[in-house]
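K.L.:
Compute the structure for the input listed below.
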Amino acid sequence: MWWTDLKAAIGQRFNLEGIASSVGILSKDKHMAIPHVSVPDIRYIDWAELKRRGFEGVVFDKDNTITVPYSLSLWAPLRSSIDHCKSLFGNNVAVFSNSAGLLEYDPDEKEAKALEDAIGIKVIRHRMKKPAGTAEEIERQFGCESLRLIMVGDRPFTDIVYGNRNGFLTVLTEPLSLAEEPLIVRQVRMLEAALVRRWSEQGLKPNSHSLIPNSVDCVKDSPLG
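P.N.:
Next up, the predicted model:
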């Protein structure tokens, strides 16, 4: 048990798959790190518009997207948005995380089950860390192709790259809290943000999504709107 916990602690800080992927992004696939949509948090997403456009499910990252890092509790201000999302997409709402549900670090699914109980959203069990891997496990879970799914996360080089490579609509949120993150994670986050900002200013864009070519149509001006 202690060895599994140690691997999880180290692995969540050093994503070797992510590092390898970053090499390819920096050399030739910079646009893969650019999200279709950027919002302060999920309260700015118009779930009803996305449902109307033909999307069938939503996949959330966990840490700093819907919970603060290493917490199993939903960040309270997001509850109404999560509930609205679930009311529209039903059971096709899930968490796809590099911590809870990743079999390498959560082999007995203890953390995945605890998270499901705490937030009322299913956690997808999987074997590969984002951004590596295909969307087959998620498509199988949701019963539809990834074209009709939305990937929401706070990290450009993991959540957004994974989503863009696999045909999702990608939504980048700002982190909920940096206080709990290790220093090295905060430093990598700053580097990612700087690179994405620079590439966006240079005119790089993700591949257009066929269900919502003008992706800002799904963004609300206010979290109360």
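K.L.:
What's the mean pLDDT across the top helix by length along the chain?
P.N.:
The longest helix of the chain (DSSP state H) is helix 183-201. Per-residue pLDDT values over helix 183-201 give a mean of 91.
K.L.:
what comes up buried for it?
P.N.:
185, 188-189, 192, 195-196, 199-200 (16 or more other Cβ atoms under 10 Å). For every residue, glycine as well, the C-beta is placed using N, CA and C.
K.L.:
again, but for stretch 204-220
P.N.:
206, 209, 212, 215, 218.
K.L.:
which of those residues sit farthest apart?
P.N.:
P206 and C218 (14.2 Å; Cβ to Cβ).
K.L.:
coming back round to it: give me the residues contacting the longest helix of the chain.
P.N.:
With Cβ atoms under 8 Å, 6 or more residues apart in numbering as the test, helix 183-201 has contacts from 13, 26, 30-31, 33-34, 155-157, 175, 178, 181.
K.L.:
can you redo those as CSV with distance to L115?
P.N.:
Below are those laid out as CSV (distance: Cβ to Cβ, whole Å):
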residue, distance to L115
R13, 19
L26, 33
K30, 33
H31, 32
A33, 27
I34, 29
R155, 18
P156, 23
F157, 23
P175, 18
L178, 21
E181, 18
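K.L.:
Could you pick out the buried ones from those?
P.N.:
By 16+ other Cβ under 10 Å, the contacts of helix 183-201 give 30, 33-34, 155-157, 175, 181 as buried.
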